[in-house]
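Colleague: Here is a sequence with its predicted model. Questions after.
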There are 2 protein chains.
Amino acid sequence: MKLMQLYASMKSDLQAIEDQMAHTVTSDLPILSEASLHLLKAGGKRIRPVFVLLSGKFGDYSLETLKKVAVPLELIHMATLVHDDVIDDADTRRGQLTVKSKWDNRVAMYTGDYIYAKALTVITELDKPRIHQILSGSIVQVCIGEMEQIRDFFNVDQSVRNYLRRIRRKTALLIAISCQLGAIATDAPVKVSNALYRFGYNVGMLFQITDDLLDLCGTEKAIGKPPGSDLRQGNITLPVLYALQDESIKGRLLDEIQLIKESDGQAGSAAAVKLVRSSRGIKDAEQMAERYLTKALKALESLPDIAAKRNLADIARFVAKRSY
Amino acid sequence: MKLMQLYASMKSDLQAIEDQMAHTVTSDLPILSEASLHLLKAGGKRIRPVFVLLSGKFGDYSLETLKKVAVPLELIHMATLVHDDVIDDADTRRGQLTVKSKWDNRVAMYTGDYIYAKALTVITELDKPRIHQILSGSIVQVCIGEMEQIRDFFNVDQSVRNYLRRIRRKTALLIAISCQLGAIATDAPVKVSNALYRFGYNVGMLFQITDDLLDLCGTEKAIGKPPGSDLRQGNITLPVLYALQDESIKGRLLDEIQLIKESDGQAGSAAAVKLVRSSRGIKDAEQMAERYLTKALKALESLPDIAAKRNLADIARFVAKRSY
């Protein structure tokens, strides 16, 4: 099934989630509602809700129950984006003005806090302690990942292992628990929710690596921002780390990164991007992505052979190939 | 009983909470542990843990259970302080450098997020959905209160009602639920937990009003910062609102506030403070505080006559009289 068809087949359930998200963030304080709804309208792939819903097909599917998982997970993801924009000093995201740019940093910080707190009011309606324990534990890891990212800015000596641990926390975990909690909320067997967790984790890793590849190889039109923005920010991603293992370009690439660092991100990253593209860094990172795709598909093997299983596999393959 | 004696009698349980707090915020990422422990070491009155413990005396007192309420509530309070310091651009708090000043705003924002998330990992160990629902709902209100405070900066036309609603969200609610959740966690009857909620709510209001009075009437030595810092920040508190009702000084006070506003907080607030002190604003605010004290003591009346009841009353009276 093509991805568009899959989204179309889930349209009414996804719309219910979208409506609930808007309803949840609406408050009696106009600025909070406006800032939150502004973010919602910017859209997104809603990959977490999609995974929650599909994982729910392995248990006693109930949209009412799954909404209480999908809405908070997507809102928590949004809250981290708002806080990231404060930190990154970003003016646009997905082609829209960021909250910190349209309002200010204070509004952005409290909007993030507010969306996060609202997310919890929804999930706490579920009477399953394990769900709350898994969620809060994962959010701690996400926060640690955010902080690690700051710590590792411009650190060209970090290992691939360090990069992988960071994106695990920053991205993969929330996707992993989207799959896991969709299954737990609908009372699927533990074996199933564990397999879905592993699937989500590997797709999450795959997702972040392809994201990092796109930032270097995509066109400005396709990715909605000039390529090399990670490098300008000091975010050293997998293709760059692999490129630095290429002795023939290592020296020049280090010089370019140093230039960006010393200019406080004002220097362009075009030369560095060109060097990485010409190196084995892209191919090596693509191979690593391919390994996560393989692991994701393998995690699905033990699951009952229902349509959702094929849908999840299709999404994983799509993530591996995506060009936007 | 004197307050010092009360703290002394609770010393070992409060120390257990202190230890658990330190243990909870320790992570494998040194910067997060250091920033969090730096905050913990700055100390504080630990009023929320004290209320949780005393309220737990009305049920089946269990330190293990009450720790899981007290630690998260105090940590959540700390997380809001870290975020406030980002917003307020504050360099010191309780005489210590703030996280944003010792590290930077990025560290402060993520440290706040991290402490908050860690707090949730502790409370989610409790298997009582109502506790989680009450907590998440209250945190939403706290966030709204924080945003209202920003919105209302330098708004000299706000009503007393507006001020009261704001401090209810910003301060009183978290104290109210400290009392309520201490009772719920130990299976006290609903009537008891409701009465304790009302007590905590009124003490919380009392606490914030005396805090606002101290900022105007205290000495720099007693309050650890120059008086009038609320005004310099644009925070229009109850004594100021009442002073503005005094026609004989209204004009001059408005001019002074306007001066502070136009100077972006750089102008001193000494003249404005002097005007407020000379007005009926102080007495009127003290009367309002007195009314909350009366209501707090009244809320206790229906409770069983145990030592904790007298302790709570003593604390309320102390809060009303405090000079630091």
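Modeller: Arrived safely. Everything numeric here is computed off the predicted structure, so don't read it as measured data.

Colleague: Check which helix or strand residue A:276 maps to.
Modeller: helix A:270-278 (DSSP states H and E).

Colleague: which residues of chain A score low on pLDDT?
Modeller: Low-confidence segments of chain A (pLDDT under 70): A:1, A:87-95, A:265, A:323-324.

Colleague: again, only using 80
Modeller: A:1, A:28, A:43, A:85-105, A:224-225, A:264-267, A:322-324 (pLDDT under 80).

Colleague: If we ignore the residues flanking it in sequence, what's nearest the residue nearest to the spatial centre of it?
Modeller: Closest to where the C-alpha atoms of chain A average out (C-alpha atoms, centre = their mean) is residue A:171, at 4.5 Å. Excluding the flanking residues, the one nearest residue A:171 by C-beta to C-beta, 6 or more residues apart in numbering or on different chains is residue A:208, at 4.2 Å. For the C-beta atoms, the positions are set from N, CA and C on the backbone; glycine is no exception.

Colleague: near chain B, which residues of the stretch 1-150 of chain A?
Modeller: For the stretch 1-150 of chain A, the residues in contact with chain B (C-beta under 8 Å from any C-beta of the partner chain) are A:27-29, A:31-32, A:83, A:86-87, A:105-107, A:109-111, A:113-114, A:116-118, A:120-121, A:124-127, A:129, A:132-133, A:135-137, A:139-140, A:142-144, A:146-148, A:150.

Colleague: and residue A:122, how far is that from residue B:140?
Modeller: In this view, residue A:122 and residue B:140 are 11 Å apart by C-beta to C-beta, to the nearest Å.

Colleague: any idea where the helices of the stretch 1-150 of chain A begin and end?
Modeller: A:3-9, A:11-25, A:30-41, A:47-56, A:63-88, A:99-102, A:105-123, A:129-152 (DSSP state H, counting those that start in this stretch).

Colleague: so which of those helices is the most packed in?
Modeller: Most buried of the helices of the stretch 1-150 of chain A, by mean neighbour count (mean count of other C-beta atoms under 10 Å in any protein chain shown): helix A:47-56, with a mean of 27.

Colleague: which parts of the helix holding residue A:276 are buried?
Modeller: Within helix A:270-278, the residues that count as buried by 16 or more other C-beta atoms under 10 Å in any protein chain shown are A:271-276.

Colleague: Relative to chain B, which of these is nearest.
Modeller: Checking these against chain B by C-beta to the nearest C-beta gives residue A:272 as the nearest, at 23.2 Å.

Colleague: Please tell me how far the closest one sits from residue A:234.
Modeller: Counting by C-beta to C-beta - residue A:272 and residue A:234 are separated by 12 Å.

Colleague: before we move on, what about residue A:166?
Modeller: Going from residue A:166 to residue A:234 by C-beta to C-beta gives 13 Å.

Colleague: With residue A:181 instead?
Modeller: Counting by C-beta to C-beta, the gap from residue A:181 to residue A:234 is 33 Å.

Colleague: Settle it for me: which of those two has more neighbours?
Modeller: Shown here are residue A:181 and residue A:234; by other C-beta atoms under 10 Å in any protein chain shown, residue A:181 has more neighbours (34 against 18).

Colleague: got the contact list for the more buried one?
Modeller: By C-beta atoms under 8 Å, 6 or more residues apart in numbering or on different chains, residue A:181 lies in contact with A:52, A:55, A:69, A:73, A:131, A:134-135, A:193.
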